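K.L.:
how does the following fold in three dimensions:
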Amino acid sequence: MTSAISALPKDYQYIDIVCLPESEPIFKMHPRVRHVFVIPRHLKSFSKVMAYIKFYREITSYSYDLLAHFSNDWRGALLQRIFPAKLSVARKTHRRGQFWHQSFDLLAESLDDLRPIVEQDVDLLRAVKLFNSKKAPPYLVRPSSKQRAKIKSWLSQKSISANKKLVVIHAPSRWKFKELPIATWARVINVLKENKFEVVLCGSKDDLLTNQAIFASCTKKPAITNNFSLSDTATLYRLAHLVLTIDSMSTHLASATQTPVISIFGPSNEKNWGPWGGKHRVIALTAENSPTFACRPCGNDGCEGSKISQCLIQMEPDLIIDEALKMLS
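P.N.:
Residues are numbered from 1 along each chain as shown. Modelled structure (predicted):
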């Protein structure tokens, strides 16, 4: 989404975002965003009702030249029906009916599995003649100077040398079928440390158990973040020389900080969800480098629904190490 924001013409001076609570920090780090309105779905009962009233009062205190609706959520159609912008655009979707589709002036084509999602987001702006370039802009987040000072202090407290190159690793996922084995990460970290690189295992508080298991398996210990916010994580990525991550939001956050990133893919389709902009590599077993896994990207939650992806389990650590060392050189 940050690419679509950057793609808007410069005479769109006031850009407001409606998003879910977990996305709010991302949009607040984009320099062109004025207001971020958060959908209060995390609240319950009377608090939720009052939050929605406040939400609609705030957003309807402005008039808009454009409403671009990037999801298939019903709230965007409702906003356009009740408080119409001068021009509105959304994407065709089989999940919504005629009423939803007729809420908007123009419709971009449905998503496909051949092009990056970022390009398909920017198609909405192409549909209303606001962006004509063949390639979407890079992702963009810009952590504040205060955030940079905070994370530099944290690195100093962890005795991480500013004179060595820093590798940040994001290994955990809420979907276990996207994860590499603990032993794979331990081997990668040991070799990086042997080559005199600083290594930080990064993640949210929900990722701590996985990171601690990796830490315990390493002979050469990395640092571990604990309960970093999205803003903290983005700033850490910005200060790193390489982000090494599984297929996750971290892939896109690293791209948005313009930090080199290596993203490791299993069942998911890297044509849709790979890094965008900046220096990057994708590591995946394919029919070309491993005929056993001509089945990927399958899009399944593990092989035959097992929650375990053999295309990740059987990936050799040296494949990741070689790419990381090349990128760091």
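K.L.:
any idea how far the residue nearest the centre of the chain lies from T235?
P.N.:
The residue lying closest to the centre of the chain (CA atoms, centre = their mean) is M249, at 2.9 Å. Separation of M249 from T235 (CB to CB, to the nearest Å): 15 Å. In this view, the C-beta of every residue, glycine as well, is placed from N, C-alpha and C.
K.L.:
can you check A171 too?
P.N.:
Counting by CB to CB - A171 and T235 are separated by 19 Å.
K.L.:
could you pull out the helices for the chain?
P.N.:
Taking DSSP state H, the helices of the chain run over residues 2-7, 24-28, 45-59, 74-82, 98-101, 117-127, 145-157, 182-194, 208-217, 230-239, 249-256, 270-273, 310-313, 317-328.
K.L.:
tell me the most buried of the ones you listed?
P.N.:
Compared across the helices of the chain, helix 249-256 shows the largest average neighbour count, a mean of 25 (mean count of other CB atoms under 10 Å).
K.L.:
quick one: contacts for P84?
P.N.:
Contacts for P84 (CB atoms under 8 Å, 6 or more residues apart in numbering) come out as L67.
K.L.:
and P31, what is it in contact with?
P.N.:
By CB under 8 Å, 6+ apart, the contact set of P31 is 140, 142.
K.L.:
distance of it relative to I17?
P.N.:
13 Å.
K.L.:
residues in contact with stretch 188-201?
P.N.:
Counting by CB under 8 Å, 6+ apart, 158, 160-161, 164-169, 171, 211, 214-215, 218-225, 236, 240, 244, 317, 320-321, 324-325, 328 sit against stretch 188-201.
K.L.:
for it, the averaged confidence score.
P.N.:
Across stretch 188-201, pLDDT averages out at 97.
K.L.:
contacts only, for the residue with the largest distance to the centre of the chain.
P.N.:
Ranked by distance from the centre of the chain (CA atoms, centre = their mean), the top residue is F46, with 32.5 Å. By CB under 8 Å, 6+ apart, the contact set of F46 is empty.
K.L.:
dump the helices of the chain to a markdown table, plus distance to L201.
P.N.:
Formatted as a markdown table, those follow (distance: least, CB to CB, whole Å):
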| stretch | distance to L201 |
| --- | --- |
| helix 2-7 | 25 |
| helix 24-28 | 21 |
| helix 45-59 | 36 |
| helix 74-82 | 37 |
| helix 98-101 | 43 |
| helix 117-127 | 27 |
| helix 145-157 | 14 |
| helix 182-194 | 8 |
| helix 208-217 | 4 |
| helix 230-239 | 11 |
| helix 249-256 | 12 |
| helix 270-273 | 22 |
| helix 310-313 | 18 |
| helix 317-328 | 14 |
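K.L.:
looking at those, which is nearest to C202?
P.N.:
For the helices of the chain, the distance to C202 is smallest for helix 230-239, at 6.1 Å, taking CB to CB.
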